[in-house]
Each structure stands twice: as structure tokens, then as C-alpha cells.
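*Asks:* mind folding the following:
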Amino acid sequence: MNLNELLAMLDAPIVVRPTRRMTQSELESYLDKAADILRGNADHSEFRGYVFALLFYKRINDCYEEEVRTQAAKLKQAGVAEDQAVYLARQPELHHFVVPESAAWNKVARTAKGQLGQALNDAMLAIERANAHRQNNFDGILTGKIDFNKQDELPRDKLVNLINHFGSQTFDRAHVSDDLFGNAYEYLIRNFASKAGKSSGEFYTPAEVGFLMSEMLEPKPGMSICDWASGSGGLLLQCIRYVKKHGGDVRQLFLHGQESNVATYNISRINMILHGVPVWDHKQGDSLRDPRQLTSANRLKQFDRIIMNPPFSLEDWGYDTVVSGDKFGRFSFGLPPASNGDWAWLQHIAKSLRDHNPETGEAGKGMVVMSQGVLFRGQPEQTEEEDGQNQKADTEYLIRRGFVEADLIECIVVLPSKLFYGNGVPACLLLLNKNKPEARKGKTLMIWASRHFQKSNPQNLLRPSDLMRILVPWRAFGDLEQAKALVDSHTAQLIREVEENRDQRLTDIEDAYGPVLAPLAKLEAEQAQLALLDLKAKAVDEAVSPDHSWFHPLAPLKAEVEKVHAEIDAAGRGDKAALRTKLAKPKKAYDDARKQLIDAIRTHLKHLNKAVKELKKLQEEREAREQEIRLAAEREIDHINETAADLRRILNDPDEARRYFAVVDRAEIEENEFNLNLPRYVDTFEPEKVVPLDEAMRNLSNASDAASKAQSALQEILSALTSTSAEVT
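*Replies:* A predicted model of the protein is given here:
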């Protein structure tokens, strides 16, 4: 390496704080900031559609540009001219989505503030039209109920801030995988749900509740699954995850949904696309007033699985449209009251469940989140002989009785309070089965699951260990011996999932930090080597040699100087003066080169020190995050093991088990006048702590002594205040 090459190498910039791919948690934090930009508006539900549309727009734009670059590069390698390669690379059939050049993010984002709203509207419409032919029909997905010119809904300053925020990151697949982005999108939906107030429950079901529902429903490949109140699509995604987790082919799931709110309907479509769901049959409309999932004969489609979290106790559910008769024949058990639609949803589900699937051999099952009121609202008929008055049976009582007598309810789970965003109504899960297994006919499993949860703000959370307390008795259907046998396998599975999640997060950290930190070892070695150099001129002169790692380019120049010095030493007195003049040029060249090299090394070392320092900070950051992930996993595993031990204790004592679950036969339900309120069947009352008499007496004596001391102290304070007041007077 000659001097110029070495100087160029030393002058090459060292990236002091290199950019790296975001981890899942960092991407979630980044999206949190997008929601924070909108902080201060009255209701997040008013503008969530704008945020989701912008984020989707940025994602498909970046992925499209990435695909164009990749295709163009391949074509150029094949000898195609650059202009022609770019043109061919933009052909629609080569891409998942198409973004017209007029709608490119970078072009629209640079639009003047006053014209930005219209530019976005035009871009969104252009993207919809460009992708109209695709399986995932884009019609209205970016324009339905969204107008970026409506500044009363989304103020222009906030819009500009959102554009700048999303423009600061690249969201192509090289930077963010489909799974990573899809999960982050769901996280953003949850974030909005936590801030959206009462309306949030209409579009988001907590992931842990959805996970529990899918585990109890057990969807399988070949099945049709429907959510008649699909919200953001999270429950259907949970069914997909369940099938994938159990090794099934998710392409053999036939997914259906219907959602009344246009903005939420579009969010769910985006959610499915971002998760790579290729095809699903999604309708927009009111499922009770105008069900759209119909057969060619205009009857309700029937499904193998229905999973739902409909609006609780809906007051305006569509009574007026069916009071004179329901053409779909849904209300065979009775017409629900006009002011509460809970039993309208339940009968709608029952009507749209398959009686039998010849391919899977199973009947239809439905899992639905409901207000606990469905378990006990409504009174049976009362006569004068019974209570001194005549009273007809309430409609909700008659419907509930019909469900019990038809043997539709297989399991009821009472959930902890405050699980659902924007809704403090105590909730439960009902599992409906069109044809129970023979051993379960005439029986209902009731699980009281409201004791164990993690308190959080704004909503409580169900932990994996809390879900195990539900899934073990469910899978054993209340049989204590079977449940005991299941504890170990469930514990091992949960721990395995925690470890897999831990390893996945650690891999995520490594993928983000590893490539950036890869040069650190080499830079540290170079730093150590340079730090040992003595850069004083005399020391450099002594160290210069053709083999020296850093000073070797000076060796030829030094040799020229030494050659002239040798000639001077060998010359006669008369020739020395001329030779000294000859020495000036090579000596100056050497001195200049030495100074230039020393300065370059010092500058390079300064930059190197800074780069190593910054990379070490990143290394410490990575190690801290990894340690945090490992500790969190250890805590979770400890809690799972503690829960497993507690479950074994409970299952070894039938009386204790009765405090958590019970299998109830129809006769017992009839005796309770078809009231399904769980405290009638499960011992939900917390036992009072028994305190031995001698301990109680000691506690009473200690309390009495403490009260006397407090009274004395108070008396002293009052006396002092009285004395002070007298002195002042």
C-alpha cells in the first residue's frame, strides 16, 4: 500500500452511530410516538383510521420500491439498459401491491402544507385503482370514511407531523419483516384501544382473551370460521395462529367476517393484508339487521367455528327490523328485548353454526364474549300461588331456558373485571356446541376465572399462567383425575412457549445489533495497535521500515534521504555543499509525508476512539436488553411453576376445586330456574381467615394500647396548642 492509499484509508469515515434495524419493541415504541402526536384530541377513535391508512400507505410504498430495485438490479445484470430495466421492473404482475409513480410517498410527502390533504386523497385513490384487480380488493380501503382535507378531524399540523414521523423510517421487508410489521400494527391497534374510551371495545379484543378463545375452539384446517362482529380482525388472526402452532396448513382455513363500522372494516382489511392472509371473505354491514354472509338461496351461511366479541348489551340492535318476523329464522327461542341485543347475537350464532361437517366429523362450535347479564337476566313465570302475583316469564329467561333445553351451552367462563378496553361490564365467555360429545350431553362446565390476573392500567391482563387455570379444567371437562394428568403437560408447554418467545426476542436483538457490532472487535484491535504507536517525529524516524504496519509508505522516502546522506559522507569536501543542496528536496518530501501521515493517524485514532466508544454503548445496550429479556422469562417461568403447584393443590381437594369450576347437569340448572349465574354452582365466596383466639386477644390488646398512646399524644398536642394560644393572647 502506497502513501496515498494509506492516507485514503485513514481518511475514510467511520460510522460513529450506525443505523440498525429496529427490534419489535423499538418498532412498537416508534408507533407509540405516532399515537402521541395526536394526543390532546377528544377521542382517538375519530382519527385512528387516518393513522392506520398512512402507515399502510408507507408500508406498501416502501415494499413496492424495494421490489422495483430488486427486479431492476436483476434485469441490469442480465444486460438490460438501466432505463428499460426500471420500466420493466415496475410492471404490476411482478409485485404484491402497486404504487403509481404519481402516488409515491416521497413525492406526496413533499407537497406544500396547504395542498397536502388533497395530495394524500389523490394518492390513496390512485393506489386503490392501481390494485383493484387483486385478490385483496383495495376498493375503499384507503378512502372509505377518510378525507385528509377534513382538518376538524385531523388538524393539518398533526398531519404534517405524522407524515414527517412515518417518513423518518424505512418500512420495506429488508428493514421490517412481515411478521414484525404485522405484530406492530396489532400493537398500534391495541394502543389506540387503550386511549379510545368507550368505543374501543367495538374494534379490539385483548390478545390474551383471543388466544384463550382460539385454544378452546380448536379450529382445524378445512374448517370455515366466521366473526360476525370482526372489528380489527384480531380473533380470526388468533385462529390462524392456533392452526399454525399445531402444524396445520392455514391456507385450508376458510375465513369470513362482517363489520358494521366502515373505518374499522378497513382497518381489519389492512390488518389481514399485513399479516399475509391471502384470501378471506369480508363483508361490511350490520350483521343483525343485514347479515351479508349468505348462501345462494339467501339464507345464513353456516360455519364450523364462530368466534366473536360483539358489542355488550347493544340497545339499538335492530329489534325494529325483525319484530314483525325474521326472514333468516334466527329467533326460534324468542325475540330479545328491544333494549338489549345480547341474546340476539347468541341466537344469530346458534343459527349460523353447522349441525355437522362430514369432512371433519364435528358439529359447529361458537365462542363469544358476553356481558354476564346473559347468565341471569330475566325472571320465570310467577303465579299468585308462588308469590302472590301474576307475572309472565321474561323474554331473556325464556331464551336462556331454550338454550339450556337444546343443550347448546357447553362451557361458561367468568372472566376478571377490567379486561376489555372502554368497558367495565363484567364479562364471560360462552362456548356453544351444536352437538356435544356423548359424555358431555346434558352437562355444562362452569369455570370461575375471576380471581387470578395481573393488575394493570388501564386494563387488567390475563397471564399465560392464568390461562392455564382455565384450559386445564376445560380440557379435562371438570374431571379432577384428568385435570391432574394435564397439569404437567400444560406447564411444560407454557414454559416451552416462554422459552421460545425469549429466544425469538433474543434473536430479534441479535438481528438488530449483530451486524452493527460486527466491526467492533476489528476496530478495537486497530485502536489498541495505534495506541501503542509513538508518533513523535524522532520515534517515527527510528520505526520506519518496509515491514512496519503503518509507517512502511515512508520507507522509500527515508531511503532516498539516507542515500543522499551516504553520498555526503562519502564525498570530498568540495562536493558536500552541492550534495547538501540535493538533500533538501528528498528531506522535505520525507518530512512532509511523515507529518501528513502522523496527522492522519492521530485524526483516524480520534475518530476510531469515538466509534469504539459509541459501539461499546450499543454493546452495553444490547447486553442490558438481553438481560432484561432473560430475567423477564425467568420470572414468568417461576410464576408458571407456582401456578402449577397451586393447581395441583386445588385438584387434590374436591371442595377446593369446587371454588374454581364445576360440571353442572341440566337437572341442577332446572332446579335453579335456568339461572346460570355461577355463584349458584361454584363456591365463589372467599373464605374468611381464621385467627386463633389467643392471637385475636393479643391483636385486640395491641390495638387498644396503640389507641391509648395515640389518644395521649393527641392530648399533648392539644394542650400545647392551648398554651401557645394563651401566650399569644
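
*Asks:* use CA for all of it now, contacts and neighbours both
*Replies:* Noted.

*Asks:* need the phi and psi values for residue 172.
*Replies:* Main-chain dihedrals, residue 172, degrees, to the nearest 10: phi -80, psi 180.

*Asks:* start to end distance for stretch 147-155?
*Replies:* Stretch 147-155 has an end-to-end distance of 12 Å (Cα to Cα, to the nearest Å).

*Asks:* list the contacts of that stretch.
*Replies:* With Cα atoms under 8 Å, 6 or more residues apart in numbering as the test, stretch 147-155 has contacts from 46-47, 50, 117-118, 120-121.

*Asks:* just send those residues back as TSV, with pLDDT, distance to residue 276 and neighbour count too.
*Replies:* Converted to TSV, these look like this (pLDDT from 0 to 100; distance: Cα to Cα, whole Å; neighbours: other Cα atoms under 10 Å):
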residue	pLDDT	distance to residue 276	neighbour count
46	59	27	13
47	70	25	19
50	85	22	23
117	92	29	22
118	94	30	16
120	94	25	23
121	94	26	17
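
*Asks:* just name the closest of the residues you listed to residue 717, please.
*Replies:* For these, the residue nearest residue 717 by Cα to Cα is residue 46; the value is 57.5 Å.

*Asks:* count of neighbours near the residue nearest to residue 111 when sequence neighbours are not counted?
*Replies:* Closest residue to residue 111 apart from its sequence neighbours, by Cα to Cα, 6 or more residues apart in numbering: residue 119 at 7.1 Å. If you count neighbours by other Cα atoms under 10 Å, residue 119 ends up with 21.

*Asks:* mind giving me the packing neighbours of the helix or strand hosting residue 119?
*Replies:* Element membership for residue 119 (DSSP states H and E) is helix 116-130. Using 3 or more Cα pairs under 8 Å, 6 or more residues apart in numbering; DSSP states H and E as the contact test, the elements touching helix 116-130 are helix 105-109.

*Asks:* give the buried residues for the helix it packs on.
*Replies:* If you call a residue buried by 16 or more other Cα atoms under 10 Å, then helix 105-109 has these buried ones: 105, 108-109.

*Asks:* tell me which other helices or strands that helix touches.
*Replies:* helix 48-77, helix 116-130, helix 156-167.

*Asks:* per-residue pLDDT, the residue nearest to residue 111?
*Replies:* According to the prediction, residue 119 has pLDDT 95.

*Asks:* one step back: dump the helices and strands packed on helix 105-109 into CSV; add distance to residue 672 as well.
*Replies:* As requested, those are arranged in CSV below (distance: least, Cα to Cα, whole Å):
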stretch, distance to residue 672
helix 48-77, 46
helix 116-130, 57
helix 156-167, 57
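
*Asks:* among the ones you listed, which comes closest to residue 324?
*Replies:* Here helix 48-77 is closest among the helices and strands packed on helix 105-109 (Cα to Cα), at 37.1 Å.

*Asks:* next, the angle from the closest one to helix 116-130.
*Replies:* On the basis of axes from the mean of the first three to the mean of the last three Cα atoms, to 10 degrees, helix 48-77 is oriented at 60 degrees to helix 116-130.

*Asks:* buried residues of helix 48-77, list them for me.
*Replies:* In helix 48-77, counting by 16+ other Cα under 10 Å, buried: 48-69, 71-73, 75.

*Asks:* for this protein, what spans make up the strands?
*Replies:* Here the chain has its strands, by DSSP state E, at 224-227, 254-259, 281-284, 305-308, 365-371, 409-414, 427-433, 443-448, 661-665.

*Asks:* tell me how many other residues crowd residue 595.
*Replies:* Residue 595 has 15 neighbouring residues, counting by other Cα under 10 Å.

*Asks:* ok, and the closest non-adjacent residue to it?
*Replies:* residue 537 (8.0 Å).

*Asks:* re earlier: which residues sit against the helix holding residue 119?
*Replies:* 57, 98-100, 102-104, 108-109, 111, 138-143, 147-149, 156.

*Asks:* 7 Å instead?
*Replies:* With contact meaning Cα atoms under 7 Å, 6 or more residues apart in numbering, helix 116-130 is reached by 98-100, 103, 108, 138-139, 142-143, 147-149.

*Asks:* what about the residue lying farthest from the centre of the chain, distance to residue 564?
*Replies:* What lies farthest from the middle of the chain is residue 574; by Cα atoms, centre = their mean that is 89.7 Å. Here the criterion is Cα to Cα. By it, residue 574 lies 15 Å from residue 564.

*Asks:* what's the most distant pair in the contacts of stretch 147-155?
*Replies:* Across those, the longest distance by Cα to Cα is 19.1 Å; it joins 46 and 118.

*Asks:* for the stretch 251-400 of the chain, what are the low-confidence residue spans?
*Replies:* 383-390 (pLDDT under 70).

*Asks:* low-confidence ranges, the stretch 51-200 of the chain, go.
*Replies:* 134-137, 195-200.

*Asks:* the same query, at a cut-off of 80, please.
*Replies:* 133-137, 145, 153, 191-200 (pLDDT under 80).

*Asks:* just the stretch 501-650 of the chain next, same as before
*Replies:* 572-577, 579-580.

*Asks:* show me where it has its helices.
*Replies:* 520-531, 537-543, 555-570, 573-651 (DSSP state H, counting those that start in this stretch).

*Asks:* please enumerate the helices of the stretch 201-350 of the chain.
*Replies:* In the stretch 201-350 of the chain, the helices defined using DSSP H, counting those that start in this stretch lie at 207-217, 234-245, 262-274, 319-322, 342-351.

*Asks:* make a markdown table from those helices and add mean neighbour count and distance to residue 602 to it.
*Replies:* Formatted as a markdown table, the helices of the stretch 201-350 of the chain follow (neighbours: other Cα atoms under 10 Å; distance: least, Cα to Cα, whole Å):
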| stretch | mean neighbour count | distance to residue 602 |
| --- | --- | --- |
| helix 207-217 | 20 | 56 |
| helix 234-245 | 21 | 57 |
| helix 262-274 | 23 | 50 |
| helix 319-322 | 15 | 83 |
| helix 342-351 | 23 | 76 |
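
*Asks:* please name whichever of those helices is nearest to residue 8.
*Replies:* helix 262-274 (45.6 Å).

*Asks:* closest to residue 595 out of the helices of the stretch 201-350 of the chain?
*Replies:* Closest among those, once you apply Cα to Cα, is helix 262-274, at 58.4 Å.

*Asks:* neighbouring contacts of that closest one?
*Replies:* Counting by Cα under 7 Å, 6+ apart, 49, 52, 141, 144-145, 178, 182, 203, 231-233, 259, 284 sit against helix 262-274.

*Asks:* how about the residue nearest to the spatial centre of the chain: what's its closest non-neighbour residue?
*Replies:* Centroid-nearest residue in the chain, with Cα atoms, centre = their mean: residue 187, separated by 3.4 Å. Sequence neighbours aside, residue 28 is the residue nearest to residue 187 in space, at 6.7 Å (criterion: Cα to Cα, 6+ apart).

*Asks:* just the pLDDT for the residue lying closest to residue 674 once chain neighbours are set aside.
*Replies:* Using Cα to Cα, 6+ apart and skipping the chain neighbours, the partner closest in space to residue 674 is residue 401 (5.7 Å). Looking at residue 401, its pLDDT stands at 97.

*Asks:* residue 401 - how many residues pack around it?
*Replies:* Other residues close to residue 401 by other Cα under 10 Å number 20.

*Asks:* done for today, thanks.
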